[in-house]
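Novice: Sequence first, then the predicted structure:
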Amino acid sequence: MSAVDVVELLAQLVAIESVNPAYPGPASGEAAIAGFVADFCRAAGAEVRTREILPGRPNVVATLRSGRPGPALVFEAHLDTVGILDMGEAALRPRIEGDRLYGRGACDVKGGLAAMLAALAKLAPRRDELPQDLVLAAVMDEEATFQGVRGFLDEGLPIAAAVVAEPTELRVVIAHKGCVRWRIRTVGRAAHSARPDEGLNAIDQMAEVVRALRRELQPRLAMRSHPLLGRPTLSVGTIAGGTGVNVVPAECVIEVDRRLIPGETGASALAEVDAVLADLRRAEPWITVEREEPWIVDGCLDTSPDAPIVRAALAACRQAGYPGEPTGVPYGTDASKFAARGIPSIVLGPGSIAHAHSAHEFIPLPELRHAVEIYAQIALSPLGS
């Protein structure tokens, strides 16, 4: 394969609609972009296999064999994007203005994917210089339920370390928060609003629930901290209840987002909530409140700054003129799934999270080009076994 123009490669990726079907509007999933990525990797000389995780929604795994025994280094990037309705036709029409490329996924995370693909193509003629096999895992469903990365990890490939592409402005992320999301429901009794005493107001009950959560949990969370991530948080994001202004509401539901820091788990966070609700039931017997099982439980990332993959990434970033200190971020990534399997992992990629999912998503082209060199340099670094 001739030298890869990473900007042109990114433009080709952006032009392929790969919206996760969990989002409204045109949402074809990952099949088309997976085919493109598989063809590119084959042309570059990698071993390629695809595997459907859900019908019509595959992962692509490409391998450069080093000829050396031992676990592989994994480069991981997701194939799917969020929806495109807010961007209109511009979403799939990549355009360059100055030193930026605009389009859906340019930042999250087709820019990182393009840089990893270009690095793989750059390294293919030099595969005998690789200190370990290099595996590129292009996975589905990161923007919804993470089934792509879990399916890849379930294959049991021996992995020395992982580099997960997300927009970090080419800063080496070694820590990020986890997340638990669930619903709480209060149950009352409907009545005409002219006779509210004949009913039991579920919204009034929920007001007490929210007050109790804030009163009991916020002081505890304020006392916990992580040096790179700050404090854990709890936020009530949605509330729904009632059928009409003239009816005492029989039901109210809130959705809660709890961000975890290392040392916390989804189970421990939910146990704290359950204790608050149990105390509230005892103190206020008129309240009927139920916590539903969470629909998302995602762990934290907390990689040692002394891990070989961290040292290799920091050295590569310094060489390219980027910050040489590790950092943390408040959002979650696929890296936590690697970490949960005991695999040292970092998050690193071009672009800023501030521009991800936005109606004016873009990536700075200098970062995109530098990412290719940084990824290649990391791949050439020995990581041990």
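Specialist: Looks like it came in fine.

Novice: what pLDDT, on average, does the longest helix anywhere in the chain get?
Specialist: Longest helix of the chain, by residue count under DSSP state H: helix 202-222. What helix 202-222 shows for mean pLDDT is 98.

Novice: Can you name the next helix or strand after that helix?
Specialist: strand 233-241 (DSSP states H and E).

Novice: ok, and for that next one, which residues are buried?
Specialist: Using 16 or more other Cβ atoms under 10 Å as the test for burial, strand 233-241 gives T233, L234, G241. (Glycine included, C-beta is placed from N, CA and C.)

Novice: Of all residues in the chain, which one is nearest the centre?
Specialist: With distances taken as Cα atoms, centre = their mean, the chain has T333 as the residue nearest its mean C-alpha position (3.0 Å).

Novice: could you say which helix or strand contains that one?
Specialist: Counting by DSSP H and E, T333 is found in no helix or strand.

Novice: Likewise for the one 10 residues further on?
Specialist: Assigned by DSSP H and E, I343 falls within no helix or strand.

Novice: Would you check that it makes contact with V164?
Specialist: No - applying Cβ atoms under 8 Å as the test, I343 and V164 come out as separate, 10.5 Å apart.

Novice: The two - which one has more neighbours?
Specialist: For I343 versus V164, neighbours defined as other Cβ atoms under 10 Å are more numerous around V164 (31 against 19).

Novice: Which residue, neighbours along the chain excluded, lies closest to the more buried one?
Specialist: Spatial nearest neighbour of V164, chain neighbours left out: A335 (4.2 Å); criterion: Cβ to Cβ, 6 or more residues apart in numbering.

Novice: What of V7?
Specialist: Closest residue to V7 apart from its sequence neighbours, by Cβ to Cβ, 6+ apart: L365 at 5.9 Å.

Novice: packing partners for the lowest-mean-pLDDT helix or strand in the chain?
Specialist: The weakest-scoring helix or strand in the chain, judged by mean pLDDT, DSSP states H and E, is strand 296-298 (a mean of 94). On a contact count with 3 or more Cβ pairs under 8 Å, 6 or more residues apart in numbering; DSSP states H and E, strand 296-298 meets strand 178-187.

Novice: List the buried residues in the strand it packs on.
Specialist: Within strand 178-187, the residues that count as buried by 16+ other Cβ under 10 Å are G178, C179, V180, R181, W182, R183, I184, R185, T186.

Novice: quick one: which of the residues you listed is nearest to H357?
Specialist: C179 (15.8 Å; Cβ to Cβ).

Novice: residue contacts, the closest residue to E373 other than its chain neighbours?
Specialist: Nearest non-adjacent residue to E373, counting by Cβ to Cβ, 6+ apart: A320, 5.9 Å away. By Cβ atoms under 8 Å, 6 or more residues apart in numbering, the contact list for A320 reads L170, H370, E373, I374.

Novice: gap between the closest residue to L217 other than its chain neighbours and E255?
Specialist: Once flanking residues are discounted, L217 sits nearest to L234: 5.7 Å by Cβ to Cβ, 6+ apart. Using Cβ to Cβ, to the nearest Å, L234 is found at 12 Å from E255.
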